[in-house]
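Trainee: Sequence first, predicted model second:
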Amino acid sequence: MARLKHIAQQRLEKLERIRGQGINPYPNSYQRSHTTQEALALYEQIESSQQTVMGSELSLAGRITAIRFMGKIAFFDIRDGSGKIQLHFSHDLLGKKKYEFLHEIDIGDIIGAKGKLFRTKTGEITLEVNDFTLLAKSLQPLPEKWHGLVDVEKRYRQRYLDLISNEELKSVFELRSQIISALRLFLNEGGFIEVETPVLQPVAGGALARRFKTHHQALEQDLYLRIALELYLKRLIIGGFDKVYEIGRIFRNEGISTRHNPEFTMVEIYEAYADYNDMMKMVEDMVSYIAREVMGKPEIKFGEELVKLTPPWQRISLREAIKERCGIDFEDYPDVKSLRVRMEQSGLEVDPNKDRGRLIDELISTFVQPSLMQPTFLVDYPVEMSPLAKRKRDNDRFVERFEAFIGGLELANAFTELNDPIEQRKRFHDQRKIQSAELMLAKSGGKEPEAEAIDEDFLIALEYGMPPTGGLGVGIDRLVMLFADKQSIREIILFPQLKAK
């Protein structure tokens, strides 16, 4: 720590000397003619055309990542957003004053340089600098041996240093951008319209999750960060849009893990006159399309598994999947008490606050999900797990719902949307009763969770009539984790949530 403070002090002294020479160490702009990669490509093009002399002068700019002085010559490496290039400085070309000024420059500083390209004796394309400009003086030293650091949290907390020091990391976030672009292209070509719905909502609905609360001073009203996009997008289907989607941030005031961040990105998609079978086909086609666009082929490597994304994907009944993997047929246990006892007999520690639907969800995450490496749809869920989904046509104890899994990650969730306003109201009230019972248990344990409110405006909208509709939600972060072959969500979010120091 003392050494770092000493280096920072030296840089402050250099800054003062630079200002003392009448030089602005932070100029407003710099006109560069090429990126580093454009410059390299240009020189290779000149070589391939068998030209012997570089024509016009180039101006490049970037952060210094290496400095090597050898008497009256010096070599710097600079890096910009496209890559790296070497700069060559000569005392004879620059003159004494300009060359000596190089000693006021440190690794981490940002400079602009003008000159012509040549290839060194070692074969490296290099800019022969005839003039340079300091663009930003770095007052903090870059971390040494960054790749050897074991303080992973510091990488997330100071992501800018991680990006400067880890060349491979930038490609992960470029991949994320490419995935979202390909997703938009797929949906737009399919006739879907991208829309935006409120982030601040008077009632946060569409999912079961703890909310973030804030207060609007002018309205004198509590508002909530949204926990889902669903209910507003379905209002648009009611209003006459047949195909809509939104890519947006979701906020849930819950735990943090390698697969969960309090704010995350989802795409939700709604199509009138469709059902969950149509949504299954959409997921297959969309994910394989994105893979071809971004990866060049419909397969990815995730961990040790080669995942093949070409449709059709495997479809498994949720009931049969759980029964096969742990021997529990939840239909034999129609109430929460009997199912809890059966799960405890299997050695599971069961939260007494959980309702039957959440217990079944625990069976999925414990016994089924980890084994679903190849693309798989778990289909047909118990009605108590899905208050917004329509009942199955041949079995009203189940709903038309699926979840898609790849690499042991839950990727997507979809329904044939419930459009009967009377049944929807009843489901919301039944859910409310269950939550009230859970609240009593939780409060007795010293917790004070907040009860979910019922979105009356959505129910009124539904009474005007919503066509049969298929709805789908896909986790963008999970999709990027799969494509980037990362096991932690923090690796694919630029600024993951961390506890304040």
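Mentor: Arrived safely.

Trainee: So for residue 189, what pLDDT did the model give?
Mentor: The model reports residue 189 with a pLDDT of 98.

Trainee: And for it, the neighbour number?
Mentor: Residue 189: 9 surrounding residues under other C-beta atoms under 10 Å. Yep, even glycine has a C-beta here, placed from its N, CA and C like the rest.

Trainee: Equivalent analysis for residue 192, please.
Mentor: 19.

Trainee: ok, it - contacts?
Mentor: The contact partners of residue 192, taken as C-beta atoms under 8 Å, 6 or more residues apart in numbering, are 243, 244, 245, 269, 271.

Trainee: Tell me the one of those nearest residue 307?
Mentor: residue 269 (22.2 Å; C-beta to C-beta).

Trainee: Am I right that that closest one is in contact with residue 282?
Mentor: Yes - between residue 269 and residue 282 there is a contact at 7.1 Å, judged by C-beta atoms under 8 Å.

Trainee: Which one's more surrounded, these two?
Mentor: Higher neighbour count among residue 269 and residue 282: residue 269, with 27 against 22, using other C-beta under 10 Å.

Trainee: ok now do that one, which residues does it touch?
Mentor: 187, 192, 244, 245, 279, 282, 471, 472, 473, 474.

Trainee: Could you pull out the residues contacting both of residue 269 and residue 282?
Mentor: residue 472.

Trainee: Beyond the lowest-mean-pLDDT helix or strand in the chain, next helix or strand please.
Mentor: Sorting the helices and strands of the chain by mean pLDDT, DSSP states H and E puts helix 421-444 at the bottom, at a mean of 75. Using DSSP states H and E, the helix or strand that directly follows helix 421-444 along the chain is helix 456-463.

Trainee: Can you list the helices and strands that that next one packs against?
Mentor: helix 230-239, helix 421-444 (3 or more C-beta pairs under 8 Å, 6 or more residues apart in numbering; DSSP states H and E).

Trainee: top of the contacts of residue 192 by neighbour count?
Mentor: Neighbour counts for these, by other C-beta under 10 Å, peak at residue 269, which reaches 27 neighbours.

Trainee: Could you confirm it falls within a strand?
Mentor: Yes - using DSSP: H, G, I helix; E, B strand; the rest coil, the secondary structure at residue 269 is a strand.

Trainee: Now do residue 304 against residue 407, distance only.
Mentor: 10 Å (C-beta to C-beta, to the nearest Å).

Trainee: Between these two, which is the more surrounded one?
Mentor: Just comparing residue 304 and residue 407: by other C-beta under 10 Å the higher neighbour count belongs to residue 407, 20 against 6.

Trainee: nearest spatial neighbour of that one, skipping sequence neighbours?
Mentor: residue 302 (4.1 Å; C-beta to C-beta, 6 or more residues apart in numbering).

Trainee: you'd agree that neighbour is up against residue 485?
Mentor: Yes - Residue 302 lies in contact with residue 485 (C-beta under 8 Å); the separation is 5.5 Å.

Trainee: between those two, which one's more packed in?
Mentor: In terms of neighbours (other C-beta under 10 Å), residue 302 is the more surrounded of residue 302 and residue 485; the figures are 19 against 15.

Trainee: Now do the more buried one, the pLDDT please.
Mentor: For residue 302, the predicted pLDDT is 96.

Trainee: dump the residue contacts of it.
Mentor: 373, 406, 407, 482, 485.

Trainee: Can you flag which of these belong to strands?
Mentor: Mapping the contacts of residue 302 onto strands (DSSP state E) picks out residue 406.

Trainee: Report the two of the contacts of residue 302 separated the most.
Mentor: 373 and 485 (13.1 Å).

Trainee: In this protein, where is pLDDT below threshold?
Mentor: Filtered on pLDDT under 70, the chain yields the residue ranges 1, 52-55, 145-151, 434-452.

Trainee: care to break it down by domain?
Mentor: As given by automatic domain parsing, the domain ranges for the chain are 2-142, 164-313+374-491.

Trainee: Would you work out how far apart the start and end of the last one are?
Mentor: Between the opening and closing residues of domain 164-313+374-491 there is a gap of 15 Å (C-alpha to C-alpha, to the nearest Å).

Trainee: Let's verify residue 128: helix, strand, or coil?
Mentor: strand.

Trainee: The spatially closest residue to it that is not a sequence neighbour sits in which helix or strand?
Mentor: Leaving aside its sequence neighbours, residue 128 sits nearest to residue 115 (C-beta to C-beta, 6+ apart; 4.6 Å). Assigned by DSSP H and E, residue 115 belongs to strand 110-119.

Trainee: just the strands in the stretch 251-400 of the chain please.
Mentor: Assigned by DSSP state E, counting those that start in this stretch, the stretch 251-400 of the chain shows strands spanning 263-272, 299-302, 305-308, 314-317, 376-382, 398-406.

Trainee: which residues are contacting the third one?
Mentor: With contacts defined as C-beta under 8 Å, 6+ apart, strand 305-308 is touched by 298, 299, 300, 301, 373, 374, 375, 406, 407, 482.

Trainee: Equivalent analysis for the fourth one, please.
Mentor: With C-beta under 8 Å, 6+ apart as the contact definition, strand 314-317 has outside contacts at 280, 374, 375, 376, 377, 378, 379, 380, 402.
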